[in-house]
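[1] Task: produce atomic coordinates for the following.
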Amino acid sequence: MHAVFRCDATTDIGFGHLSRCLALGEAFALHGLACTFAGKFARTAKDQIEAAGFKHIGLKAPVNGIPRGDEETAINCKHPADFVVVDSYRADVAYLKHLRNAGFATLVIDDFCKLEAYPCDAILNFTWEAPTLDYPKAPALILGHNYLLARRKLVERRKQSVERQRGGELKNLFVAIGGSDPKGLALRIVRVLGAINRDVVVRVLGQASAELSSAVECFAKGSAVIAPQPDLSEQFLWSDVAITGGGLIKYESAYMGVPAAAIAQNEGQDGETKVFSGAGLVFDLGLADTVSDDELADRLNTFLSDAAMRANMARLMRSSFVADPSGNAAKAILEALER
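    Residues are numbered from 1 along each chain as shown. Prediction:
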């Protein structure tokens with residue numbers, strides 16, 4: 001079988017859609033499927049796809065931004081697609097209808113249940129609140145955190161990570177806003193942290209600008225800005241705590257048993273982070289656009305100083321996820337498409 005992933009990954013769009021599609025592609029590969037990625041990809045995104053062992057087709061515009069015929073050509077590639085995986089906030093009802101009318105079996109990776117209809121064969125939403133959302137009953141529904149799309153190296157190293165004790169003294173702190181950081185939140189977080197605790201070793205995921213590198217220098221020896229990488233398994237194993245954005249990385253941190261505080265980059269992330277926080281799996285720092293630096297400092301100080309809270313969070317994380325959620329997702333999808 002041949003699966004085509006229609007997603008995009010640029011500094012403007014972000015890299016979360018690609019990361020979770022790569023996780024699903026890795027799980028599909030264990031079932032013998034061939035996978036191709038079609039989309040608008042930055043060079044670093046192409047490198048990640050190639051490092052994972054997949055082929056890619058570069059397009060000039062993101063989902064729903066090129067002529068329909070070009071979409072069909074990209075999806076069919078050199079070999080006709082058995083099904084298409086669509087992961088993009090730009091995919092609307094008309095776009096999905098077109099894929100169906102063109103004869104493609106389609107899986108939609110979704111987050112918020114915002115469309116008025118989902119003309120597709122299956123919907124995957126791995127967010128915590130997904131089972132409570134009012135999706136239409138026609139397509140197969142694959143909902144909830146037991147289907148988290150975790151990269152294969154995270155799956156392989158989870159046991160080692162969750163067995164680490166993380167309720168004691170803080171030594172290693174990981175800042176990972178996401179594959180892109182258009183609002184400069186990593187720099188903002190680092191500056192606020194510098195006024196709270198400079199005795200920790202801080203690793204910041206991002207592009208090493210002079211400003212960010214200078215801000216990181218005030219922390220303990222070994223602190224550094226680290227380049228974006230194909231997976232974060234090594235960083236999660238190293239970390240005592242993490243400060244994340246409000247997207248996929250907060251889920252990855254929870255899956256790996258790393259207590260995390262999350263700052264949302266938009267209102268959609270903010271609402272979903274509050275649900276995740278209500279389950280005890282992340283500490284909510286608020287919405288970036290509305291939380292002041294003073295408020296951010298107070299919340300970070302609360303999170304970093306409460307060892308008991310962080311230890312309890314780590315315990316919940318260990319018990320809340322199945323060992324191989326992306327494997328679960330691949331199996332459920334293939335079963336749904338065979339019906």
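[2] Can you give me the distance of the nearest residue to residue 106 once chain neighbours are set aside to residue 244?
    Leaving aside its sequence neighbours, residue 106 sits nearest to residue 120 (Cβ to Cβ, 6 or more residues apart in numbering; 4.2 Å). The C-beta positions use only the backbone N, C-alpha and C, and glycine is treated the same way. As judged by Cβ to Cβ, to the nearest Å, residue 120 and residue 244 stand 30 Å apart.
[3] the more surrounded of these two?
    A side-by-side neighbour count of residue 120 and residue 244, using other Cβ atoms under 10 Å, places residue 244 first with 28 against 25.
[4] Let me know the pLDDT of the more buried one.
    According to the prediction, residue 244 has pLDDT 97.
[5] which ones are touching it?
    Neighbour list for residue 244: 176, 177, 178, 250, 253, 260, 261, 262, 263, 282 [criterion: Cβ atoms under 8 Å, 6 or more residues apart in numbering].
[6] go on, residue 46?
    So residue 46 contacts 56, 58 (Cβ under 8 Å, 6+ apart).
[7] Quick check: phi and psi at it.
    phi -60, psi -40 (degrees, to the nearest 10).
[8] now swap in residue 203 and tell me
    According to degrees, to the nearest 10, residue 203 has phi -110, psi 130.
[9] Just to check, it is in contact with residue 174?
    Yes: between residue 203 and residue 174 there is a contact under Cβ atoms under 8 Å: 5.3 Å.
[10] So these two - more neighbours on which side?
    Neighbour comparison, residue 203 and residue 174: the larger count goes to residue 174, with 24 against 20 (by other Cβ under 10 Å).
[11] returning to that earlier point: now intersect the contacts of residue 244 with the strands, please.
    Among the contacts of residue 244, the residues falling in strands (DSSP state E) are 176, 260, 261, 262, 263.
[12] Select from those residues the one having the most neighbours.
    residue 262 (30 neighbours).
[13] tell me the contacts of it?
    243, 244, 245, 246, 250, 273, 276, 277, 282, 283, 284, 285.
[14] for residue 19, same thing?
    Contacts of residue 19 (Cβ under 8 Å, 6+ apart): 48, 149, 151, 179, 248.
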